[in-house]
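Enquirer: take this sequence and fold it.
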Amino acid sequence: MSEEYLAHYGVLGMKWGIRRYQPYGQGYSGSTGRFVPTGNDRKDKKALKKHIKATRKSYRAAQKAKGVKTTDELGKNVERVAKRHKKALDSDSQYNDAKARYAKAKQEQKLAERFENFEYQNVESLRSKNPQGYWENLELSIAKDKHREAQQRLHDVDEAVYKAEKDYTDRERSIAKSFSEDYRNAAAKDLGFSDVEEGKKLLDKYNLMVRAVDGISFGMDNRQVRR
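Expert: Residues are numbered from 1 along each chain as shown. Sure thing, here's the model as predicted:
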């Protein structure tokens with residue numbers, strides 16, 4: 001029996017369950033924790049999206065480890081801006097008034113829809129009693145008038161809902177734009193760019209998301225209005 005065998009004892013400092021090397025996608029330097037562009041747009045965009053996802057996940061894990069309430073923010077710098085952004089929204093009377101009008105209009109819309117449906121069912125019930133349609137009794141005529149009034153009321157409420165929603169989302173977008181530059185700077189810092197301006201240019205170029213909460217990207221004009 002041969003005494004020759006192959007053995008491997010690892011390397012100095014090696015610990016069970018801890019990887020010495022963590023593979024990253026192209027464009028990301030694991031040794032520095034920073035994004036390094038390769039010059040290939042397709043690869044850079046893909047790698048940067050992975051880096052954003054990994055950064056957000058890492059920050060969430062760090063918050064959880066500290067016992068702090070976790071958020072979906074990119075990092076501590078973006079979260080600071082997000083808090084100032086929220087404070088600005090909460091203290092803006094124009095935004096809050098429009099949002100309150102929208103909430104009230106939505107409640108009225110639900111009531112108007114129920115009332116319109118009730119009047120419609122009443123008309124249909126009376127019509128079923130006179131299938132030939134040769135003549136129309138007074139009761140049915142009155143029911144039709146009530147249904148038309150209910151339809152008009154619903155139309156007016158729908159218009160009020162649309163206007164109130166547009167007012168508060170427009171104001172919300174306006175306030176978000178005022179924080180756009182702050183978010184850009186904060187995101188570039190959280191992502192570990194040594195050159196903040198270079199980081200902002202890359203994120204602008206690919207129009208990538210910086211906030212998972214409400215979909216704010218660097219292309220602020222492309223933000224979808226919530227419906």
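Enquirer: what's the longest helix in this structure?
Expert: Of all the segments assigned as helix in the chain under DSSP state H, the longest by residue count is helix 138-178.
Enquirer: quick one: the helix or strand hosting residue 111 to chain centroid distance?
Expert: Assigning secondary structure by DSSP states H and E places residue 111 in helix 93-128. Remark: helix 93-128 is offset 27 Å from the chain centroid, using Cα atoms, centre = their mean, to the nearest Å.
Enquirer: helices or strands next to it in the packing?
Expert: Packed against helix 93-128, as judged by 3 or more Cβ pairs under 8 Å, 6 or more residues apart in numbering; DSSP states H and E, are the following elements: helix 138-178. All C-beta atoms are positioned from the backbone trio N, CA, C, and that covers glycine.
Enquirer: and residue 72, how far from residue 52?
Expert: Taking Cβ to Cβ, to the nearest Å as the criterion, residue 72 is separated from residue 52 by 12 Å.
Enquirer: repeat for residue 74
Expert: In this view, residue 74 and residue 52 are 7 Å apart by Cβ to Cβ.
Enquirer: and those two? Which one has more around it.
Expert: Between residue 74 and residue 52, counted using other Cβ atoms under 10 Å, the more crowded position is residue 74 (26 against 21).
Enquirer: distance of the closest residue to the more buried one other than its chain neighbours from residue 119?
Expert: With sequence-adjacent residues excluded and distances taken as Cβ to Cβ, 6 or more residues apart in numbering, residue 74 is closest to residue 190, at 4.9 Å. Residue 190 sits 56 Å away from residue 119, taking Cβ to Cβ as the criterion.
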